[in-house]
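1. just a sequence and a predicted model for now, questions to come.
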Amino acid sequence: MTFPTTPKNVTCVAPSQPRRQFAKSARPNILLIVMDATRAQNLSVYGYPRRTTPFLEMFAESCMVYENAIATSCWSLPCHASLFTGLYPSVHGADDQHQFLDAEHPIIGEFLNVNHGYRTLAFCTKRDISPVTGMHRGFQEFNPEKRSLPFHGTLRKLDNGVAKMMGTRDGGMRRTNQQLATLLPKLQANGEPFFIFLSTVESHIPYRPPKKYTHFLPKGVSSNQVAGVNMDRWKYMVGETEMGEQDFEILRALYDGGITYTDARLAELFAGLQRLNLLDDMLIIITGDHGENLGEHGLMAHGYCLYDTVVHVPLIIHYPQSLGLTGRVSRQVQSVDVLPTILNLLGDESATRHRSLQGHSLLSTERHEFTVAEQANPDMTIFKTRFPNKDVSRYDRYLRMIRTEAHKFIWASDGQHELYDLQADPHETRNLIQREPPLALRLAQELKDWQLAHTAIRRDSAFAESRSVAVQQGAAV
C-alpha cells in the first residue's frame, strides 16, 4: 500500500458480509487506537474547515469512514468499557459510582489472547484504563516500561506566575512510537498475530500542544493571553470565572493543535508499519472514546451531558486490503459494534452465540434503529469540595439519550428533559420539549422499552455463558 497524496471524496456501502474471513493461520494483526477526548466535528477528515488531520484525510482513502459514530457515554471509563466489552454502560456497570469493570464481563484482550492466540499489548497512560479499573485483563503487556501517568490537573505555575502552556505537551505518543519502532520488528519475526491497543491523550484538557502546533491561534493574541486562559472546567461551570469568545477561540486553537499533533504522530507510526510491510493486511481501528465541550452549552471538557459535542466521535477502520472495503458510511454506529466486528472478521461465532454482546458487526446487515448513550449519576466530589456554597444540582443527575437520524431525546433524572431536531438544529441549541410533546413521549417510550430489554441482560445467564466461553482455553492474563 502507498499513501495517497491527495484526499478524495469516496462514497460506497460496505457489503453485507466480508468477502472472506480469516483462517486461523492467517489472522490479521490488529491495532486499536483511541484518541481521548476527540470529537468528530474538529477533524478535517470529517469536514472541519481547519486542516487538523491531513494524514487521516489521506489514510481514509483506504478505509471505511463512519460518519455518525456515537459514543455510549461522556467520559473515559464507561466509554472504553463499552468498546472493550460490546456492552452499554447500564449493563457493564463501570461508571462514576462503580469505577471498575467487573470480571464477569470478558473484554477484548481476553477474547483475542485466550480464544485466538493473539499477542496482546496495551499502551495507555490513563488511570481509567488500567489495572486499577480492571481494564487490563487479557493484555500480556500493559504499559511496557511502566510509563507514568500524564498530569491532568490544574496547570503548574512557573516562578513568574504564568502557566507554561506551549512547547511541552506530549501525552506519550512520541515515547510509544519509539517503543513500537523497536517492538514491531520483533513481533513480526515472532510470527504470532498481535493486537495492540493504543490510547492517546494529546487532545485532552489541559490543551498544551507543542509550539509547532499552535498555528491555529488567533492573530494578535499574546503568549501571556494564551498562557493565562482558564482551563479549570469546574470554575467556569459554577460561574467562578467569566470567559469570553476570545478565550474559547484560544481553547479551540490549542485543542485543534493537539489533534494535529496526534495526526502527525499517527503518520509517523503508520510510516513505520508500511516500512515493515505490515500495513496492508492489518485491521486498524481509529476512534475517540468521547468528545469535548469548548464552551458549547455552558460546559467545558466532557462529562455532565450527552450532546453531540461529546458523543459524536470519529470512527475510521482500515480493513485488510484483501477485503476491498473503502468509502464512507452515513448510518449511525456505536462503539459497542467494534468487538462484534472484530469477532465477525475472525470467523468467531461468539458475536452471535453470546447474547450479552449488544453491538452489531459492521460487516453484517444488522442496523441500529437508533443509538443510545448514558451518564450515570456523576461523582460530585470535586464540585462539593471546591465549591461547597454553590448550587451544582444541575450537574448531579442521571442522563440517558436516544438518537435517531432526525431527532435526539435526552431523559434527565431531574425532569429537565430535552428534545432536538438534529437536521434543523445540529448544534442542539433549541430545546423542543415543550413544542413537540407527542414526539418527546414517543421517543421516551422507545428509550424506556430499550432500557427494559437491554438492562435485563445484566441478570441473564448469558453472562455466565459468555464468561466461560471467553476463558474456555485457559485463565485470562
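-> All right, it came through fine. Computed from a predicted structure; not experimentally measured.
2. average model confidence for stretch 411-431?
-> Confidence over stretch 411-431 (mean pLDDT, whole number) is 97.
3. let me see the confidence value for the residue most central in space within the chain.
-> Closest residue to the average C-alpha location of the chain: Asp289 at 1.5 Å, with C-alpha atoms, centre = their mean. We have a pLDDT of 96 for Asp289.
4. thought it was touching His80?
-> Yes. Using C-beta atoms under 8 Å as the test, Asp289 is close enough to His80 to be in contact (5.7 Å). Yep, even glycine has a C-beta here, placed from its N, CA and C like the rest.
5. which neighbours do these two have in common?
-> Val34 (C-beta atoms under 8 Å, 6 or more residues apart in numbering).
6. and the residue lying closest to Ile107 once chain neighbours are set aside, what is it in contact with?
-> Closest residue in space to Ile107, ignoring its immediate chain neighbours: Phe84 at 4.1 Å, by C-beta to C-beta, 6 or more residues apart in numbering. For Phe84, the contact set (C-beta under 8 Å, 6+ apart) comprises 101, 107-109, 135, 339.
7. likewise Leu112?
-> Contacts of Leu112 by C-beta under 8 Å, 6+ apart are 30, 118, 120, 138, 195, 342.
8. Three-state assignment for the closest residue to Gly272 other than its chain neighbours, please.
-> Using C-beta to C-beta, 6+ apart and skipping the chain neighbours, the partner closest in space to Gly272 is Ala181 (5.6 Å). Secondary structure, DSSP: H, G, I helix; E, B strand; the rest coil: Ala181 is helix.
9. measure Ala181 to Leu452 for me?
-> Note on Ala181: its distance to Leu452, by C-beta to C-beta, to the nearest Å, is 50 Å.
10. between these two, tell me which one has more neighbours.
-> More crowded of Ala181 and Leu452, by other C-beta atoms under 10 Å: Ala181, with 14 against 9.
11. could you point out the longest helix of this protein?
-> helix 245-275 (DSSP state H).
12. and it, how far out from the chain middle?
-> 16 Å (C-alpha atoms, centre = their mean, to the nearest Å).
13. also stretch 273-284?
-> 23 Å.
14. end-to-end on that stretch?
-> Its first and final residues considered, stretch 273-284 spans 11 Å by C-alpha to C-alpha, to the nearest Å.
15. likewise stretch 89-97?
-> End-to-end distance of stretch 89-97 (C-alpha to C-alpha): 12 Å.
16. for that stretch, buried residues please.
-> Across stretch 89-97, burial judged by 16 or more other C-beta atoms under 10 Å covers 89-96.
17. could you list the buried residues of the helix or strand containing Trp234?
-> If you go by DSSP states H and E, Trp234 is part of helix 233-237. Residues 233-237 are the ones in helix 233-237 that count as buried (16+ other C-beta under 10 Å).
18. what's it in contact with?
-> Contacts for helix 233-237 (C-beta under 8 Å, 6+ apart): 205, 230, 240-241, 243, 298-301, 304, 382-383, 386-387, 392, 395.
19. my read is Gly291 is in a helix, agree?
-> No. Counting by three-state DSSP, Gly291 is not part of a helix but coil.
20. so what's it up against?
-> So Gly291 contacts 37-41, 71, 302, 308-313 (C-beta under 8 Å, 6+ apart).
21. Val313 versus that one, what's the distance?
-> From Gly291 to Val313 the distance is 6 Å (C-beta to C-beta).
22. need the residues touching each of the two.
-> 38-40, 71.
23. all strands of the stretch 301-450 of the chain, in order?
-> 312-313, 315-318, 327-334, 371-375, 399-403, 407-412, 418-421 (DSSP state E, counting those that start in this stretch).
24. and those as CSV, adding mean neighbour count and distance to Pro210?
-> Shown next, in CSV, are these (neighbours: other C-beta atoms under 10 Å; distance: least, C-beta to C-beta, whole Å):
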stretch, mean neighbour count, distance to Pro210
strand 312-313, 26, 24
strand 315-318, 24, 24
strand 327-334, 18, 31
strand 371-375, 25, 33
strand 399-403, 24, 36
strand 407-412, 22, 36
strand 418-421, 20, 37
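25. now those strands as CSV including distance to Lys186?
-> Shown next, in CSV, are the strands of the stretch 301-450 of the chain (distance: least, C-beta to C-beta, whole Å):
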stretch, distance to Lys186
strand 312-313, 32
strand 315-318, 23
strand 327-334, 34
strand 371-375, 40
strand 399-403, 44
strand 407-412, 47
strand 418-421, 50
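26. strands along the stretch 101-250 of the chain, start to end?
-> Counting by DSSP E, counting those that start in this stretch, the strands of the stretch 101-250 of the chain are 119-123, 141-142, 194-200.
27. lowest-confidence stretch among the ones you listed?
-> Of all the strands of the stretch 101-250 of the chain, mean pLDDT reaches its minimum on strand 141-142 (a mean of 88).
28. neighbours of the residue nearest to Gly295 when sequence neighbours are not counted, how many?
-> The shortest distance from Gly295 to any non-neighbouring residue, by C-beta to C-beta, 6+ apart, is to Phe248 (4.1 Å). Here the count is done by other C-beta under 10 Å, and Phe248 has 17 residues near it.
29. can you check Asn377 too?
-> 14.
30. quick one, phi/psi of it?
-> Dihedral angles of Asn377 (phi, psi; degrees, to the nearest 10) stand at phi -50, psi 120.
31. could you find the closest non-adjacent residue to Ile285?
-> In this structure, Ile285 finds its nearest non-sequential neighbour in Leu32, 4.8 Å apart by C-beta to C-beta, 6+ apart.
32. span of stretch 285-294 from start to end?
-> End-to-end distance for stretch 285-294: 26 Å, by C-alpha to C-alpha.
33. what residues sit buried inside that stretch?
-> For stretch 285-294, the neighbour count (16+ other C-beta under 10 Å) marks 285-294 as buried.
34. between the buried residues of stretch 89-97, which sits nearest His215?
-> Within the buried residues of stretch 89-97, distances to His215 taken as C-beta to C-beta reach their minimum at Asp96, with 36.9 Å.
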